[in-house]
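Asks: Provided below are the primary sequence and the corresponding predicted coordinates.
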Amino acid sequence: IPVKMQALDVYLQSIPKVASRSQELLTSKAKCIQDDGNVRYLNVLQGEMALATSNEADVLCSSEATTCHIVALYSSSTTENLPLASLAHVDKMGYDSCLLSMVKEHIQHHQRNNQEDFGFYDEEGNEEKDHFIPLNDISLEGCTQDKNVDLKANSAPSIEMEIHLLGGFLDSNGKSQELSNSLLLAFSKLAEKFHDSIRMKMVTAAISCMNSCRATLAPVGRGLGIDTRTGKVFTVNSIPSHLAGPALQVRLARIFRSDNRQGERLQVIHHSTSNGRLCIEPFDYEHFPQLDTLATLPDESILQLASTSPHVEAEGFCDSMRSTIGFIKRVPSCEVFGSLCDEPLVYRRSKSANALNEWALCT
């Protein structure tokens, strides 16, 4: 009979530095995502991942996470290049291969010649020498049945990576803590796998028990943003639809996809080599009568049927669900991705100084 794994978020909460930094993030005022004309946002939806330098975007962000977790990575190196930021909105377990690809792209980025090394800076632009608690200094002994995981690095790697996690809460089904465990163990294994070339530091772990409000039994932080130049992370409350990126309804329809050509993986909408292009890989979705029935139900029923955390969803959850169902009914996937459903949508950000968050479809 397998022994139930201890919740790793509870273990991390006992580490003062991890707990204090997570608390600091959650108690800081959430940043208001608004179009002030100077910030290029790259929004990551549920089930998506994006990687970018400060050449392509100023802020990577994601919101509306309840049991979902948002993963933000930030890496710099001793080579001449720009730091790389990445962000993923993880909605379930089983994405270990995607996290592997995410870390690999960071390594490959720093192996290529780039333009300039900005290092780690504070909000005033001064180089920061803060010491974070390394992931390979956080022992997982006693928290996992795998006794062979040794996170001690044998050499001085050239790449420094900060890891930030936010999401989940103490939900009654334990879904959040299961996902927290999965992510922490995945990064532990990645730290061991790449210890010769990259030093991973667990900076923020505002997850599950550390992100749960005792009074309301709801998540404290639901959104996360990362500055691609400084690597600073901050909480966000919501992201206006006009700043959420292109083809929003298409991307939201991904939760109803009917094919499995991509397998169970996070959809990468932007790579470090995308040159500012946002790509939506084709997927098939189809309308079926049960969706019409779902759309006509009262909010309480939609929440119970369509949410992993019905009691703590954002106010617009049901309206968004009805809108997505309406889109699926009106627009078949063949009209979006071609008759064979094999044509990706590629968008380029506007270069106009007055429209930095507008996108145009590439033809």
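Replies: Good, I have the coordinates.

Asks: where exactly do the strands run in this protein?
Replies: Counting by DSSP state E, the chain has strands at residues 41-43, 48-52, 59-62, 69-77, 84-90, 159-167, 198-207, 224-227, 233-235, 267-270, 277-280, 345-349, 359-361.

Asks: right, so of these, which gets closest to residue 306?
Replies: Among the strands of the chain, strand 84-90 comes nearest to residue 306, with 17.1 Å by Cβ to Cβ. Yep, even glycine has a C-beta here, placed from its N, CA and C like the rest.

Asks: Using PDB, write down the CA coordinates of stretch 39-48.
Replies: Provided in PDB are the C-alpha atoms of stretch 39-48 (Å, rounded to 0.1, in the frame of the first residue of the first chain):
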ATOM      1  CA  VAL A  39       4.100  48.600 -21.300                       C
ATOM      2  CA  ARG A  40       4.000  45.600 -23.700                       C
ATOM      3  CA  TYR A  41       2.000  42.800 -22.100                       C
ATOM      4  CA  LEU A  42       2.100  39.200 -23.000                       C
ATOM      5  CA  ASN A  43      -0.800  37.400 -21.400                       C
ATOM      6  CA  VAL A  44      -0.800  33.700 -20.800                       C
ATOM      7  CA  LEU A  45      -4.100  31.800 -20.500                       C
ATOM      8  CA  GLN A  46      -4.900  28.600 -18.700                       C
ATOM      9  CA  GLY A  47      -2.900  25.700 -20.300                       C
ATOM     10  CA  GLU A  48      -0.500  28.100 -22.100                       C
END
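
Asks: What residues of it count as buried?
Replies: Buried residues in stretch 39-48, counted by 16 or more other Cβ atoms under 10 Å: 40-48.

Asks: and which of the residues you listed is nearest to residue 33?
Replies: Closest to residue 33 out of the buried residues of stretch 39-48 is residue 41 (6.6 Å), distances taken as Cβ to Cβ.

Asks: show me what contacts that closest one?
Replies: When contacts are counted by Cβ atoms under 8 Å, 6 or more residues apart in numbering, residue 41 touches 33, 57-59, 61, 239, 243, 245, 357.

Asks: partners of it in the sheet?
Replies: residue 59 (DSSP bridges).

Asks: show me where the stretch 1-150 of the chain has helices.
Replies: Using DSSP state H, counting those that start in this stretch, the helices of the stretch 1-150 of the chain run over residues 8-13, 16-27, 96-111.

Asks: so of those helices, which one's packed in deepest?
Replies: Most buried of the helices of the stretch 1-150 of the chain, by mean neighbour count (mean count of other Cβ atoms under 10 Å): helix 8-13, with a mean of 21.

Asks: Now do that one: distance to the chain's middle.
Replies: Remark: helix 8-13 is offset 20 Å from the chain centroid, using Cα atoms, centre = their mean, to the nearest Å.

Asks: Give me the pLDDT value at residue 152.
Replies: Here the pLDDT value assigned to residue 152 is 39.

Asks: for residue 275, same thing?
Replies: The per-residue pLDDT reported for residue 275 equals 85.

Asks: Which residue, other than its chain neighbours, is closest to it?
Replies: Using Cβ to Cβ, 6 or more residues apart in numbering and skipping residues adjacent in sequence, the residue nearest residue 275 is residue 56, 7.4 Å away.

Asks: Return the residues in contact with that neighbour.
Replies: Going by Cβ under 8 Å, 6+ apart, the list of residues near residue 56 reads 40, 42, 228, 270, 274-276, 349.

Asks: how about the strands of the chain in TSV, adding distance to residue 8?
Replies: Formatted as TSV, the strands of the chain follow (distance: least, Cβ to Cβ, whole Å):
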stretch	distance to residue 8
strand 41-43	29
strand 48-52	22
strand 59-62	22
strand 69-77	12
strand 84-90	15
strand 159-167	11
strand 198-207	9
strand 224-227	19
strand 233-235	20
strand 267-270	26
strand 277-280	34
strand 345-349	38
strand 359-361	38
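
Asks: Tell me which of these lies nearest to residue 14.
Replies: Taking Cβ to Cβ, strand 198-207 is the member of these nearest to residue 14, at 11.6 Å.

Asks: So what pairs up with residue 31 in the strands?
Replies: With DSSP bridges as the rule, residue 31 is bridged to residue 236.

Asks: Distance of the closest residue to residue 280 other than its chain neighbours relative to residue 360?
Replies: The shortest distance from residue 280 to any non-neighbouring residue, by Cβ to Cβ, 6+ apart, is to residue 345 (4.3 Å). In this view, residue 345 and residue 360 are 11 Å apart by Cβ to Cβ, to the nearest Å.

Asks: out of the two, which sits in the more crowded spot?
Replies: Between residue 345 and residue 360, counted using other Cβ atoms under 10 Å, residue 345 has the larger neighbour count: 18 against 12.

Asks: That one reaches residue 335, doesn't it?
Replies: No: when contacts are counted by Cβ atoms under 8 Å, residue 345 is not listed as touching residue 335 (11.6 Å).
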